[in-house]
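>>> Quick check, what structure comes out for this input:
(one chain, ligands or ions: 2)
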Amino acid sequence: MKACLVIPTYNERDNITPLFEKLLEEFKEIKDFDMEILIVDDNSPDKTWEIVNEFHEKHPNINLLLRTKKEGLGAAYIHGMNYAMDERKADIIFQMDADLSHDPKLIKIFLENIKDYDVIIGSRYVKGGGFENWPWTRKLISRGANTYARLLLGLKIKDISSGYRCYTKEILKTVPWDKFDNKGYSFLEELLYYCIKNGGKAKEIPLVFVDRKIGETKLNKAEMKNFLTGMIKVRLKHGKPKI
Ligand SMILES: Nc1nc2c(ncn2[C@@H]2O[C@H](COP(=O)(O)OP(=O)(O)OP(=O)(O)O)[C@@H](O)[C@H]2O)c(=O)[nH]1
Ligand SMILES: [Mg+2]
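Ligands and ions are numbered 1, 2, ... in the order given. The predicted structure is shown next:
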């Protein structure tokens, strides 16, 4: 079985080398899966993709999907996840941030759990999960946004906006990829909504989210506004899932 970590990047030049080093170290402990990394870069001005190409020379399991321009986190994931399934022939598809917020040590726990589920979610809102170095204002916004989206979309998952997850190919193949209303950050909630609506079984495992130490966030006010309206669009179009 092949597992592919799909990692979108935009100006992550200083994070990408330590991330690759940690991931390659972690892969040594994983025996049951062929592990691959797919970086989906939107032509980063800091040339993050250059470093990915250098690593690819030595490590053929690190691949680059270079896009022409920045079109949002969701657009990068839609392209990357489909590429991982169709071109790289991955059976298990991960999503992960490049800024070291998502601990690579959890990968093996995700893989142990995905055997019995369709989606595994790294959750900051279950026992053992949480935040490291996040200001209280950001925690409050995150919790508020999470509650808002859970109620609107009718999902029982505690952390629906976490960006650290893994999926089976079978559940991702049920997703209507050409119908996404949200191509920015709100893609995360919309994707989970389709997986659950289509009968996917999800499990949350504890994630301690570590704030980025290097580089800048790409989350801005426009994204937050899109999120508020984006969740309403999904609910009005598709209703509450029967769970
Ligand atoms: N390809 C691509 N990657 C993106 C885009 N927007 C964000 N990313 C990447 O998606 C991941 C998550 O973005 P972040 O900026 O870390 O968002 P966040 O984790 O909510 O916020 P901070 O950690 O505080 O910065 C990172 O690896 C980014 O480089 C985009 O438009 N295109
Ligand atoms: Mg981040």
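>>> What ranges in this structure fall below the confidence cut-off?
Of all residues in the chain, none has pLDDT under 70.
>>> Over to whichever residue of it sits closest to ligand 1: give its phi and psi.
Going by CB to the nearest ligand atom, ligand 1 is nearest to residue 217 of the chain, at 2.9 Å. For the C-beta atoms, the positions are set from N, CA and C on the backbone; glycine is no exception. Here the main-chain torsion angles of residue 217 (degrees, to the nearest 10) amount to phi -70, psi 150.
>>> ok, now residue 14?
Main-chain dihedrals, residue 14, degrees, to the nearest 10: phi -80, psi -10.
>>> what do you get for the one 10 residues further on?
Backbone torsions of residue 24, given as degrees, to the nearest 10, read phi -60, psi -40.
>>> quick one: residue 120 is in a strand?
Yes: residue state for residue 120 (DSSP: H, G, I helix; E, B strand; the rest coil) corresponds to a strand.
>>> Check which residues of stretch 156-172 are buried.
Buried residues in stretch 156-172, counted by 16 or more other CB atoms under 10 Å: 157-169, 171-172.
>>> how far away is the most centrally placed residue in the chain from residue 137?
For the chain, the residue sitting closest to the mean C-alpha position, by CA atoms, centre = their mean, is residue 95 at 3.1 Å. Using CB to CB, to the nearest Å, residue 95 is found at 26 Å from residue 137.
>>> rewinding a little: roughly how far does the residue of the chain closest to ligand 1 sit from residue 19?
The gap separating residue 217 from residue 19 is 16 Å, by CB to CB.
>>> out of these two, which sits in the busier spot?
residue 19 (22 against 10; other CB atoms under 10 Å).
>>> The more buried one falls within a helix, correct?
Yes: remark: residue 19 belongs to a helix, assigned using three-state DSSP.
>>> does stretch 115-128 come close to ligand 2?
No: Stretch 115-128 lies out of reach of ligand 2 by CB under 5 Å from the ion, never closer than 12.6 Å.
>>> So which residues make contact with that stretch?
Contact partners of stretch 115-128, identified using CB atoms under 8 Å, 6 or more residues apart in numbering, comprise 102, 106, 110, 113-114, 129-131, 142-143, 146, 157-159, 162, 164-168, 170-171, 192, 195-196, 200-209.
>>> Spell out which parts of this protein neighbour ligand 2.
Residues of the chain found near ligand 2 (CB under 5 Å from the ion) are 97, 99, 101, 212.
>>> the strands in this structure, which residues?
2-9, 34-41, 62-66, 92-95, 119-123, 130-132, 165-168, 202-206, 208-210 (DSSP state E).
>>> Show me what residue 36 is bridged to.
residue 4 (DSSP bridges).
>>> Residue 60 is in contact with that one, correct?
No: using CB atoms under 8 Å, residue 36 is not in contact with residue 60; the gap is 9.0 Å.
>>> The two: who's more crowded?
residue 36 (21 against 9).
>>> how near is the more buried one to residue 101?
Applying CB to CB to residue 36 and residue 101 gives a distance of 21 Å.
>>> now do residue 130
13 Å.
>>> what's the overlap in contacts for those two?
Residues touching both residue 130 and residue 101 by CB under 8 Å, 6+ apart: residue 209.
>>> more crowded one of the two?
residue 101 (22 against 15).
>>> I'd assumed residue 207 was in contact with the more buried one.
No: between residue 101 and residue 207 there is no contact under CB under 8 Å: 9.3 Å.
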